[in-house]
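how would this look folded up:
(one chain, ligands or ions: 1)
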Amino acid sequence: MKHKMARVITIDGLASSGKTSISKKLSEKLGYYFLDSGILYRSVAYICLTESLEHSTDLLITNLENNLEVISDQTKHYKINYKGNDIADHLYNEEIGVLASIVSQKPEIREYLMKLQHNCVKLPGLVANGRDMGSKVFPHADFKLFITAELAVRASRRFKQLVDSGKEASLEKITSQLTERDKNDKNRKISPLIAPAGSIEIDSSHLNVDRILDKILELYKI
Ligand code: DC
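Just a heads-up that it's a prediction; the model follows:
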């Protein structure tokens, strides 16, 4: 008897390139699970900060092994629990984004998170987004996308997101934080952000999410 294999779609790209909105909608359309791998790195950054564990990677990993869980909710979206609590509300600010980009340079952290990401593959499939989904974590994915967008467009999207959610924001500060993160993510020694071999590149600067989604669904034939 032939076993059905779970499909994997990877969507990589820079911060605020639109990859998360695209991935979420695509996973919902296909009925697949959805993993935004950025939340793993953001969670590690948050835990590192709140538990003051930035000086010992060993202690940090032991803490993660004991307290961090990746679980899917009824919408098939993966989320993170730390000590039994959903920490999503603490993860989406630029300070945590920049710190995530720094902790993500540690090979031990990437290795530990690799296992957790592999465990997210379930039938009928998974849409996973991040920086190294198609290049490192799921090199044999069924379909790989690489999303780009101009820096000014990404900064103004992020600015709007923050303002819409009632937070204070400065376009200038966001632009410099994104520039710093781009530099870290593209130039780090392990798993730098690259267009994965075999990926299809989409520039989202002047396209809305629905147009991009139509384009992707045309290309992705099961
Ligand atoms: O996608 P994001 O902006 O939420 O990611 C936050 C940081 O986490 C990003 O700047 C680098 C790191 N990251 C990573 O190194 N590898 C991934 N697959 C996802 C995120």
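
And the residue lying closest to Ser16 once chain neighbours are set aside, what's its pLDDT?
Distance criterion C-beta to C-beta, 6 or more residues apart in numbering; nearest residue to Ser16, sequence neighbours excluded, is Arg154 at 3.9 Å. The C-beta positions use only the backbone N, C-alpha and C, and glycine is treated the same way. Here the pLDDT value assigned to Arg154 is 96.

what about Arg154, which SS state?
Here Arg154 is recorded as helix under DSSP: H, G, I helix; E, B strand; the rest coil.

What part of the chain, helix or strand, is modelled with the least confidence?
Lowest on mean pLDDT, DSSP states H and E among the helices and strands of the chain sits helix 94-103, with a mean of 91.

Just the buried residues of the following helix or strand past that one, please?
Sequence-wise, the next helix or strand downstream of helix 94-103 (DSSP states H and E) is helix 107-118. Neighbour counts over helix 107-118 (16 or more other C-beta atoms under 10 Å) mark 109-110, 112-114, 116-117 as buried.

same check, this time on stretch 176-195
Here stretch 176-195 shows 177-178, 180-182, 184-185, 188, 191, 193, 195 as buried, counting by 16+ other C-beta under 10 Å.

What is the end-to-end distance of that stretch?
23 Å (C-alpha to C-alpha, to the nearest Å).

The ligand contacts on this structure?
Proximity of the chain to the ligand, by C-beta under 6 Å from any ligand atom, involves residues 15, 37-38, 41-42, 97, 100-101, 104, 130-133, 181, 185.

sorry, back to before: hang on, isn't the residue nearest to Ser16 packed against Gly13?
No - using C-beta atoms under 8 Å, Arg154 makes no contact with Gly13, being 9.6 Å away.

how about the nearest residue to Lys4, chain neighbours excluded?
Per C-beta to C-beta, 6+ apart, closest to Lys4 is Leu123, 6.4 Å.

did I read that right, that neighbour in a helix?
No - under three-state DSSP, Leu123 falls outside any helix and is assigned coil.

Could you check the angle the longest helix seen in the chain makes with helix 94-103?
In the chain, taking DSSP state H as the definition, the longest helix is helix 171-187. Angle, helix 171-187 to helix 94-103, by axes from the mean of the first three to the mean of the last three C-alpha atoms, to 10 degrees: 20 degrees.

residues in contact with helix 171-187?
By C-beta atoms under 8 Å, 6 or more residues apart in numbering, the residues outside helix 171-187 that reach it are 14-16, 94, 97-98, 101-102, 104-105, 131, 151-152, 154-156, 158-159, 162, 192-194.

Could you confirm Ile71 falls within a strand?
Yes - Ile71 sits within a strand when classified using three-state DSSP.

For it, give me its contacts.
Listed by C-beta under 8 Å, 6+ apart, the contact set of Ile71 reads 78-81.

Filter those residues down to the buried ones and hand me the PyMOL line.
Remark: buried members of the contacts of Ile71, expressed as a PyMOL selection using 16+ other C-beta under 10 Å:
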select buried, resi 78+79+80
